[in-house]
Every structure is written in structure tokens, then in C-alpha cells.
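S.K.: coordinates for the following, if possible.
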Amino acid sequence: MKNKILVTTLLVALSITSFAKEKNVDSRLFRDLSSTFKNSPQVQWTTKDKYKQATFNFMNKPAAAFYSLDENELIGFRIQLDKTDLPQVISEVLKNQYNDWEVVDAITFIDAGGYVNYFTQVQKNNKSVILKITPNGKSSVYARMRS
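M.R.: Reported below is the predicted structural model:
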């Protein structure tokens, strides 16, 4: 299940460049992730169909750096989150819009430009939805799936 949110996020990240209207750049987080990744003694590389993934730990959380296969350019970073780790604004969006849904997965995705978005997978009965939520609380349905 957790792979679905990651794969969906990466496929779109690989296919388009996002132009954000909101200011959701976190250059400090991007620098911290880059530094931790470069200095991490335990990085594990895997190659997928369309990208390379380097997994490491960031602040005691599973994280990954993603690179394009063809040009070896950074796509972005992912940090795995527990639902208790979500910022208050993200938790409020979920409470207000999906109160009776269960959060089954959550990540922060920081693209190569430093733009931050949260992706949460929520499910209810046999429905599963991936939401993209900006740090300002603007949400949209990113993908729909059947459980």
C-alpha cells in the first residue's frame, strides 16, 4: 500500500515540472536533506524503471533521494511520516475534509527546486484516495484507487 503513494508521486514528478503559485519553498529543509544524504554512512541504492532511489535516514525517519535514470539529475526527496508527524495545518485539512477516513500513509516530498508538498493516502471502506496538500493547507485529490 505504501508503495502506491510513492510510485504515483514519482511518476508525476518525472513526467512534469510543477510551477507553484504558492510560496512553499523550504530551502533550509532541502539543504538539510542534501547534507544528511551526502554524509550518510548507510545509503542503499536501487534502480527502478524510470528512476534511481537512494534510501537513508533523516532525523530518525526513512527518507529517499530520487534521481532520473537518463541524466542522473535529482528529482527530489521523500520523507516518510507517521500521521502524528503531520504539521497541524495538514492534520486540520484531513480532519475537516476526510474526518471519517483513515490515514494509511503520509510523506513529505521536496522537489529539486525545494518546493514542499505533503501526500497522504486515506481510505474508507473499499475507496482509497491520495491527497496532495500544500504547506498552506490547499488540498487536491492526486489519485483515486480501489483497495
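
S.K.: residue ranges in this protein under the pLDDT threshold?
M.R.: Applying pLDDT under 70 to the chain flags the ranges 1-23, 147.

S.K.: swap the cut-off to 90 and go again
M.R.: Applying pLDDT under 90 to the chain flags the ranges 1-27, 48-50, 70-72, 83, 126, 143, 145-147.

S.K.: need phi/psi at the most centrally placed residue in it.
M.R.: Nearest to the mean C-alpha position of the chain, counting by C-alpha atoms, centre = their mean, stands residue 109 at 3.1 Å. The phi/psi pair for residue 109 (degrees, to the nearest 10) reads phi -120, psi 120.

S.K.: specify the beta-bridge partners of it.
M.R.: residue 78, residue 117 (DSSP bridges).

S.K.: quick one: it and residue 124, what's the gap?
M.R.: 23 Å (C-beta to C-beta, to the nearest Å). Any C-beta I mention is one placed from the backbone N, CA and C, and that applies to glycine too.

S.K.: how far away is the residue lying farthest from the centre of the chain from residue 100?
M.R.: Distance from the centre of the chain peaks at residue 125, with 24.0 Å (C-alpha atoms, centre = their mean). When distance is defined by C-beta to C-beta, residue 125 is 10 Å away from residue 100.

S.K.: what about the strands in the protein?
M.R.: Using DSSP state E, the strands assigned to the chain run over residues 44-47, 51-58, 61-68, 74-81, 102-111, 116-124, 127-133, 139-146.

S.K.: could I get those in TSV, plus columns for distance to residue 38?
M.R.: TSV is the format used below for those (distance: least, C-beta to C-beta, whole Å):
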stretch	distance to residue 38
strand 44-47	14
strand 51-58	10
strand 61-68	9
strand 74-81	11
strand 102-111	15
strand 116-124	20
strand 127-133	28
strand 139-146	30
